[in-house]
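In: Sequence and computational prediction follow.
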Amino acid sequence: MSKHLTFDSASHTYRMLGGVVVPSVTQVLGPVFHDFSKVPKDVLQSAQERGTLAHEATALDAHGRLDESTVDDDIKPYLEAWRAFMADSFARVVATEQRVYHALYGYAGTLDHVLLLSGVLTIIDKKTGQPHDADRMQTAAYLDAYNYALRPAARVRRRAALYLRPTGQYALEYHNDKADFQDFLSALNVHKRKMR
């Protein structure tokens with residue numbers, strides 16, 4: 001985490017003090033693991049918009065600030081899935097939309113939630129699509145960046161992806177493989193090499 005980190009949502013660009021651009025977790029993982037070249041543009045755009053709207057609705061709901069009259073009918077099942085997860089798990093929201101910066105490795109991102117889940121601080125990344133290998137690396141990158149400057153007692157211990165379904169159901173998948181962060185660093189190195 002850094003108070004010197006800024007984010008431009010229009011260009012999805014993170015910058016440090018002095019305007020230095022910092023690669024984001026999603027920029028690092030996107031080109032390496034997601035090939036959308038064969039997906040029609042209108043289908044891809046629709047999926048991205050749906051994911052963004054579901055993400056925004058659930059983030060507002062996490063803090064009791066959602067005006068339900070603004071939620072599109074297509075997004076309501078994802079909101080129902082989020083609420084079902086929160087009710088079933090008795091989770092408590094600790095942080096939402098938390099920007100993180102890893103000073104050692106030089107990357108940034110915005111994690112969805114830190115939840116107190118079954119008494120354990122857990123980073124949760126919400127997804128409206130199908131599970132993908134990159135999901136594990138994404139949560140590992142967020143976890144390491146979040147914990148980097150914290151004292152051990154304050155660190156998050158677990159990470160998971162929460163898959164919200166258009167049926168109103170959800171699936172929680174814990175990510176436990178310690179190699180996930182090393183895999184992310186490999187992708188980060190490739191990204192930085194391309195940017196030179």
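Out: Received the coordinates, thanks.
In: Residue 50 is in contact with residue 75, correct?
Out: Yes: counting by Cβ atoms under 8 Å, residue 75 does reach residue 50; the two are 7.0 Å apart. (Glycine included, C-beta is placed from N, CA and C.)
In: So which of the two has more stuff around it?
Out: Per other Cβ atoms under 10 Å, whichever of residue 75 and residue 50 has more neighbours is residue 75, with 23 against 17.
In: From residue 143, how far out is residue 187?
Out: 16 Å (Cβ to Cβ, to the nearest Å).
In: And these two? Which one has more around it.
Out: Legend: neighbour count by other Cβ under 10 Å for residue 187 and residue 143, higher for residue 143 (23 against 20).
In: Quick one: residues contacting the more buried one.
Out: With contact set as Cβ atoms under 8 Å, 6 or more residues apart in numbering, residue 143 has these partners: 123, 156, 159, 181.
In: And the longest helix along the chain, what does it pack against?
Out: Longest helix of the chain, by residue count under DSSP state H: helix 41-62. Packed against helix 41-62 by the contact rule (3 or more Cβ pairs under 8 Å, 6 or more residues apart in numbering; DSSP states H and E) you find helix 76-89, strand 92-102, strand 107-117, strand 120-127.
In: Let me know whether residue 25 touches residue 139 as I believe.
Out: No: Residue 25 lies out of contact with residue 139 (Cβ under 8 Å); the separation is 9.4 Å.
In: Where does the prediction get shaky in this structure?
Out: 1-3, 31-40, 43-44 (pLDDT under 70).
In: if we can go back for a sec, just the contacts of residue 143: which are in strands?
Out: The strands, defined by DSSP state E, take in 123, 159 from the contacts of residue 143.
In: and residue 117, what is it in contact with?
Out: Neighbours of residue 117 in contact, by Cβ under 8 Å, 6+ apart: 89, 91, 124, 158.
In: Now render those as CSV, adding neighbour count and distance to residue 4.
Out: Output for the contacts of residue 117, formatted as CSV (neighbours: other Cβ atoms under 10 Å; distance: Cβ to Cβ, whole Å):
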residue, neighbour count, distance to residue 4
89, 17, 35
91, 19, 31
124, 24, 26
158, 17, 28
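In: closest to residue 41 among the residues you listed?
Out: Compare each of those with residue 41 using Cβ to Cβ and the shortest gap goes to residue 124, at 30.1 Å.
In: Pretty sure the closest one sits against residue 116.
Out: No: Residue 124 is beyond contact range of residue 116, at 10.9 Å (criterion: Cβ under 8 Å).
In: related to what we said a few turns ago, closest to residue 135 out of the helices and strands packed on helix 41-62?
Out: Proximity to residue 135 (Cβ to Cβ) singles out strand 120-127 among these, at 6.5 Å.
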